[in-house]
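> Dropping a prediction and its sequence here:
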Amino acid sequence: MHKALTSVFDHGFLYGDGVYETLRVYKGVVFKFDEHIERLFRSASMIRINISRPPREIKDAVYKTLKANNHKEAYVRINVTRGVGDIGLDPELCPKPTFVVISKPFKALPKSCYEKGVKVAIVKVRRNFKGALDPMIKSLNFLNNIIAYIEAKAQGAYEAIMLNYKGYIAEGTTSNIFFLKNNTLCTPDLGVGVLDGITRNIILDIADELGIKSKEGKFTPEDIYNADEVFVSNTTKEIVPVTMIDDVKIGSRTGKITKMLSKAYKKKVAEHIRQGKVRSGK
Ligand code: PDD
């Protein structure tokens, strides 16, 4: 952890000028690698960073890192910054992007969070305005999310839920949000200004497969206060049930449909591992 060093003139350090991906490794197999890489390239191109390495090479670098660290259940982070260059905003100061792969052992949330659910807080800090810094860019600049998280933590919440500039529910600091109302699975549409979460997409697919109606749209805090079930999702924590929003109780335990979706998600992971092992001949 203390040996890999980066220059103080790296624009990722100086300006948060870069993009990243967080991936989850199960039993030595990286989950949804292609989807994450596609988003990494998309984020990079949205801030005009040209990643010259082909995806195959990035995959090799990830597996090499995992092997060197002997990590099987792991968290992997791929960082791509503008690169090292003199102080100044001009991208031409940085001729070559910095590319870093980090792996660390996976640390799961306590089981009780999945059984009893967590509390989230709808915070005052608004999600970045799409027209200023599009939340679709998985940017290294996380200040918006950090100040939102600080606000939520002060209220004893596990996650902050941010609204967009118009007051519609957007997303968590590191998660997308879903709720169930009248057996319909609802989540903010991408137009609200959220990250197009990979877990979010998997969940929408699963809902489809299970015959659960889903709706992407514009929702207000009232909608989630009155929901039957609520959960947040991301790559590392998967589906985390929410049973309290601010001071409003949403059921007392993990909801029935949330449980169904979690189970189906785990099945998809197991299938992915099986296929990954077959492909690599392990
Ligand atoms: N965060 N929204 C935000 C702002 C996020 O940072 C993330 C992911 C998500 C969920 O995306 P996905 O399902 O693709 O993980 C939504 C990762 C886990 C992180 O920052 O480490």
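Yep, that arrived.
> Tell me where the model's unsure across the stretch 1-150 of the chain.
1-2 (pLDDT under 70).
> Pull out the buried positions in the longest helix along the chain.
In terms of residue count, the longest helix belonging to the chain (DSSP state H) is helix 256-280. Neighbour-count burial for helix 256-280, counted by 16 or more other C-beta atoms under 10 Å, picks out Ile257, Thr258, Lys259, Leu261, Ser262, Ala264, Tyr265, Lys268, Val269, His272, Ile273, Gly276. Heads up, the C-betas are built off the backbone N, CA and C, glycines and all.
> was I right about the second one contacting Ile239?
What that stands for is Thr258. Yes - contact criterion C-beta atoms under 8 Å: Thr258 and Ile239 qualify, at 6.5 Å.
> Report the residue ranges of every domain in this structure.
Here the domain parsing of the chain from automatic domain parsing is 11-105, 111-269.
> which residues of the stretch 151-282 of the chain fall in strands?
Assigned by DSSP state E, counting those that start in this stretch, the stretch 151-282 of the chain shows strands spanning 159-163, 169-172, 176-181, 184-188, 213-217, 229-234, 238-245, 248-249.
> Can you check which of the ones you listed gets nearest to Lys119?
Across the strands of the stretch 151-282 of the chain, Lys119 has its closest neighbour in strand 238-245 (3.8 Å, C-beta to C-beta).
> Given that closest one, what are its sheet partners and their directions?
Strand pairing for strand 238-245, determined by DSSP bridges: strand 118-122 (parallel), strand 229-234 (antiparallel), strand 248-249 (antiparallel).
> what does the host helix or strand of Asp60 contact?
According to DSSP states H and E, Asp60 maps onto helix 55-69. The contact list for helix 55-69 (C-beta atoms under 8 Å, 6 or more residues apart in numbering) reads 23, 25, 28, 30, 33-34, 37, 40-41, 53, 72, 74, 76, 78, 99, 101-104.
> Produce a PyMOL select command limited to the buried residues of these.
Listed next is the PyMOL selection for buried residues among those, using 16+ other C-beta under 10 Å:
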select buried, resi 23+25+28+30+33+37+40+41+74+76+78+99+101+102+103
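> Is the next helix or strand after the helix holding Asp60 positioned near the ligand?
For helix 55-69, the succeeding helix or strand toward the C-terminus, using DSSP H and E, is strand 74-81. No - counting by C-beta under 6 Å from any ligand atom, no contacts exist between strand 74-81 and the ligand, the nearest distance being 7.1 Å.
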